[in-house]
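Asks: just need the structure, nothing else, for what follows:
(chains A and B)
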There are 2 protein chains.
Amino acid sequence: MSTEERVRGALEDRREAVNEAIREQLPVTRPERLYEASRYLLDAGGKRLRPVVLLLTAEALAEVESCSEDYRAFPDLTGGEVDIMSAAVSIEVIQSFTLIHDDIMDDDDLRRGVPAVHKEYDLETAILAGDTLYSKAFEYMLETDAPAEREVRALDELATTCTEICEGQAFDVEFESRDDVTTDEYLEMVELKTAVLYAAAAAIPAILLGADDETVDALHGYGLDIGRAFQIQDDLLDLTTPSEKLGKQRGSDLVEGKRTIITLHARNQGVDVDALVDADDPENVTEADIDTAVGTLEEAGSIEFAREMANDLVASGKARLECLPDTEAHSLLEDIADFLVEREY
Amino acid sequence: MSTEERVRGALEDRREAVNEAIREQLPVTRPERLYEASRYLLDAGGKRLRPVVLLLTAEALAEVESCSEDYRAFPDLTGGEVDIMSAAVSIEVIQSFTLIHDDIMDDDDLRRGVPAVHKEYDLETAILAGDTLYSKAFEYMLETDAPAEREVRALDELATTCTEICEGQAFDVEFESRDDVTTDEYLEMVELKTAVLYAAAAAIPAILLGADDETVDALHGYGLDIGRAFQIQDDLLDLTTPSEKLGKQRGSDLVEGKRTIITLHARNQGVDVDALVDADDPENVTEADIDTAVGTLEEAGSIEFAREMANDLVASGKARLECLPDTEAHSLLEDIADFLVEREY
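Replies: Model (predicted):
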């Protein structure tokens, strides 16, 4: 089996359990429109990468056979039980909240092949749906039945993560109007906006199950590394994956003038990145224009630079998993790291 | 001294401590624009009613002399210490987050005499500033140094409260487009949108200081009662206070077609509330038009009905304070209940 097949299998094996838990923990109750809007994007699909990372980390730590345990009464490392699924739902719900609010901020029309929540409903409902998911995520993290000391620590990780995601998004918005962004600033933004939620997904099960601090820190580092790699791969895919596979316009980052590690590298190589496509006339940017722009970025070595950085991060992330016992779940967490930079959409 | 003087004194005595704590716990760091926007409304003023209710409740429970204690190392009921100020900041920060997002949803231009955050900055920054305050509130509630069991309970109260506020706001939006809203539905909306945060402000100090469940429940009930009374008084003031004192257009609820307990009562009395002012032509609604509308509502007994309901709620709220020892702080909590329905703006 290829890495991709193993990862897709691991996701598939756990995705329905996650989806069922979401439907159970986030029922459509009064006010219906609010809860329908809150569920809309969650119901529209998604790979569930972050909650599956959380479940796999728990499985690896508890050394249980993959998918063999009841995630609602999961064995912790001290002879107790925790509802690890509730933590997984919490993380996915945070991801969904950030997507809803980000789509408003970026005025994106589509997400997961369906209209963004503020398009399907309206601005008010989308803001409120995001706000509702936000507090629900904290409620779910409080429902794990872990000992209070661990719950407090998990909530602290969750709250800090949410603050950092906001900071990352603020930097992202700020960078669009600046032409002196450095690669370090960009990588800090990616860490905050994207990687910290992977870090939380990997660290929180360790906290809840009662792992030692060293293990918690190592898993946090794994999440940061693969989260950064994930974002860099996203930036690459935006340039190299056909629009129909991507589910959105290829080259949209170039058209929207978004900084990426690729364009920042190119600028350092003397490329006039603002001239790559005519951002003032986005309607008339053709596939051929994007091809030409990608060619220029390839010549500058920027595509290769980004690929290498993503690969290095994946290698670093995998190395941090050494703290885990040698189990199938451990292997799958390595596969996920590889998959994040091998995936084509 | 009048009730108002005593309450204004109690607020004044504690407001600067709360403001200093906000500046200390929410410094303007990178990304500066995000944190400036997050602080903007907090710096613009506000009575700090909710955090002062929280501090007074703590003082009453601990039976300390008013303002005599260090709120950062406040004596709890079991011989320990908690940072009760951090909880007070948390509650005020939640209030500020909801105002920022509500102003976007209602497209209100002014708040506390200054432009709303989405007007002073922009939509993106206002959404993000609200989201940042949201997670910061959870961070602050985690910084009280209370025993973990109590912190978990306080966080649960905070998370549930935030969810309920969102539900209340969703009902409020829904009601604007419905003409069959009942008074029970309206009161449920007010409880969710407004009263639960007062309930949290009164119950959370009891949780953190280690009070028994009966006391926690009684204080929660006090908050619900005075919070509902507060909103009904707000609805009354919108009709009866001159625009310059109110800081916004008198009768704005009528002009915007907002349901209030007053218009719902009037409709039940056979008044055609939609014809009270010409909501289709808000620019040309005069003070005289509002006077005529208020006259009609008075004749229908609707103003008096709302006044009585607010007074009953205040009496009920004060009765619930019987669980507290007989201290100055206890009296001030009674005064605040009275003040909420006696205030003129």
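Asks: chain B contacts on the stretch 51-200 of chain A?
Replies: A:101, A:104-105, A:123-125, A:127-128, A:130-132, A:134-136, A:138-139, A:142, A:147-149, A:151-152, A:155-156, A:158-160, A:162-163, A:166-167, A:169-171, A:173-174 (Cβ under 8 Å from any Cβ of the partner chain). Every residue, glycine included, has its C-beta placed from N, CA and C.
Asks: tell me which residues of the worst-scoring helix or strand of chain A on mean pLDDT are tucked away?
Replies: Least confident helix or strand, chain A: helix A:243-246 with a mean of 73, by mean pLDDT, DSSP states H and E. Buried residues in helix A:243-246, counting neighbours by 16 or more other Cβ atoms under 10 Å in any protein chain shown, are found at A:Leu246.
Asks: SS state for A:Gly257?
Replies: For A:Gly257, the assignment made with DSSP: H, G, I helix; E, B strand; the rest coil gives coil.
Asks: give me the number of residues near the closest residue to it other than its chain neighbours?
Replies: Closest residue to A:Gly257 apart from its sequence neighbours, by Cβ to Cβ, 6 or more residues apart in numbering or on different chains: A:Ala279 at 5.0 Å. For A:Ala279, the neighbour count with other Cβ atoms under 10 Å in any protein chain shown is 13.
Asks: for A:Ala279, give its distance to B:Arg8.
Replies: The gap separating A:Ala279 from B:Arg8 is 55 Å, by Cβ to Cβ, to the nearest Å.
Asks: quick check: which ranges of chain A have low pLDDT?
Replies: Along chain A, the parts satisfying pLDDT under 70 run over A:247, A:345.
Asks: one more pass at 90, please.
Replies: Low-confidence segments of chain A (pLDDT under 90): A:1, A:45, A:66-67, A:106-114, A:173, A:176-179, A:240-259, A:273-275, A:277-287, A:343-345.
Asks: quick check on the residue nearest in space to the middle of chain A: phi, psi?
Replies: Geometric centre of chain A, nearest residue: A:Thr194, 5.6 Å, by Cα atoms, centre = their mean. Per-residue torsions, A:Thr194: phi -120, psi -50 (degrees, to the nearest 10).
Asks: which residues in the stretch 101-250 of chain A form strands?
Replies: A:110-111, A:114-115 (DSSP state E, counting those that start in this stretch).
Asks: and the contacts of stretch A:74-88?
Replies: Residues from elsewhere that reach stretch A:74-88 (Cβ atoms under 8 Å, 6 or more residues apart in numbering or on different chains): A:17-18, A:21, A:25, A:51-52, A:54-55, A:58, A:61-62, A:64, A:69, A:71-73, A:140-141, A:143-147, A:154, A:204-205, A:208-211.
Asks: tell me the buried residues in it?
Replies: A:Phe74, A:Pro75, A:Asp76, A:Glu81, A:Val82, A:Asp83, A:Ile84, A:Met85, A:Ser86, A:Ala87, A:Ala88.
Asks: give me the subset of those lying in strands.
Replies: Here DSSP state E is the test, and these give A:Phe74, A:Pro75, A:Glu81, A:Val82 as lying in strands.
Asks: show me which pair in those is furthest apart.
Replies: Maximum pairwise distance among those (Cβ to Cβ): 8.5 Å, between A:Pro75 and A:Val82.
Asks: now A:Ser135, nearest residue through space, not along the chain?
Replies: Nearest non-adjacent residue to A:Ser135 (Cβ to Cβ, 6+ apart): B:Cys162, at 3.6 Å.
Asks: from memory A:Asn284 sits against A:Asp278, does it?
Replies: Yes: assessed by Cβ atoms under 8 Å, A:Asn284 is found in contact with A:Asp278 at 7.1 Å.
Asks: neighbour count for those two, which is higher?
Replies: Taking neighbours as other Cβ under 10 Å, A:Asn284 and A:Asp278 compare with A:Asp278 leading, 13 against 9.
Asks: for stretch A:278-293, output the C-alpha coordinates as CSV.
Replies: Coordinates of the C-alpha atoms in stretch A:278-293 are reproduced here as CSV (Å, rounded to 0.1, in the frame of the first residue of the first chain):
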residue,chain,number,x,y,z
ASP,A,278,-2.1,41.3,-13.5
ALA,A,279,-3.7,41.4,-10.1
ASP,A,280,-5.6,44.6,-11.1
ASP,A,281,-7.6,42.6,-13.7
PRO,A,282,-8.2,39.2,-12.0
GLU,A,283,-11.1,38.3,-14.3
ASN,A,284,-8.8,38.2,-17.3
VAL,A,285,-6.0,36.1,-15.8
THR,A,286,-5.8,32.9,-17.9
GLU,A,287,-4.4,29.4,-17.2
ALA,A,288,-1.6,30.3,-19.6
ASP,A,289,-0.8,33.4,-17.5
ILE,A,290,-0.6,31.2,-14.4
ASP,A,291,1.6,28.7,-16.4
THR,A,292,4.0,31.5,-17.3
ALA,A,293,4.1,32.7,-13.7
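Asks: chain neighbours aside, what residue packs nearest to A:Met1?
Replies: Nearest to A:Met1 is A:Gly9, by Cβ to Cβ, 6+ apart, at 7.5 Å.
Asks: how close does the one you found sit to chain B?
Replies: Distance check for A:Gly9 against chain B: by Cβ to the nearest Cβ, to the nearest Å, it reads 35 Å.
Asks: do A:Leu333 as well
Replies: For A:Leu333, the distance to chain B equals 27 Å [Cβ to the nearest Cβ].
Asks: likewise A:Glu244?
Replies: Distance from A:Glu244 to chain B, counting by Cβ to the nearest Cβ: 29 Å.
Asks: same thing with A:Asp83?
Replies: Counting by Cβ to the nearest Cβ, the gap from A:Asp83 to chain B is 14 Å.
Asks: before we move on, back to that, now do the contacts for the residue nearest to the centre of chain A.
Replies: By Cβ under 8 Å, 6+ apart, the contact set of A:Thr194 is A:Gly168, A:Gly227, A:Arg228, A:Phe230, A:Gln231.
Asks: so which two of these are the farthest from each other?
Replies: Every pair of the contacts of A:Thr194 checked by Cβ to Cβ; the farthest is A:Gly168 and A:Phe230, at 13.4 Å.
Asks: tell me the buried residues within the contacts of stretch A:74-88.
Replies: Burial by neighbour count, judged by 16+ other Cβ under 10 Å, picks out A:17-18, A:21, A:25, A:51-52, A:54-55, A:58, A:61-62, A:64, A:69, A:71-72, A:140-141, A:143-147, A:154, A:204-205, A:208-211 from the contacts of stretch A:74-88.
Asks: those helices in the stretch 101-250 of chain A, which residues are they?
Replies: Remark: helices assigned in the stretch 101-250 of chain A by DSSP state H, counting those that start in this stretch are A:117-120, A:123-141, A:148-176, A:183-190, A:196-209, A:213-240, A:243-246.
Asks: what residues does the first one touch?
Replies: The list of residues contacting helix A:117-120 from outside it, by Cβ under 8 Å, 6+ apart, reads A:37, A:40-41, A:100, A:103-104, A:109, A:111, A:114, A:125-127, A:129-130.
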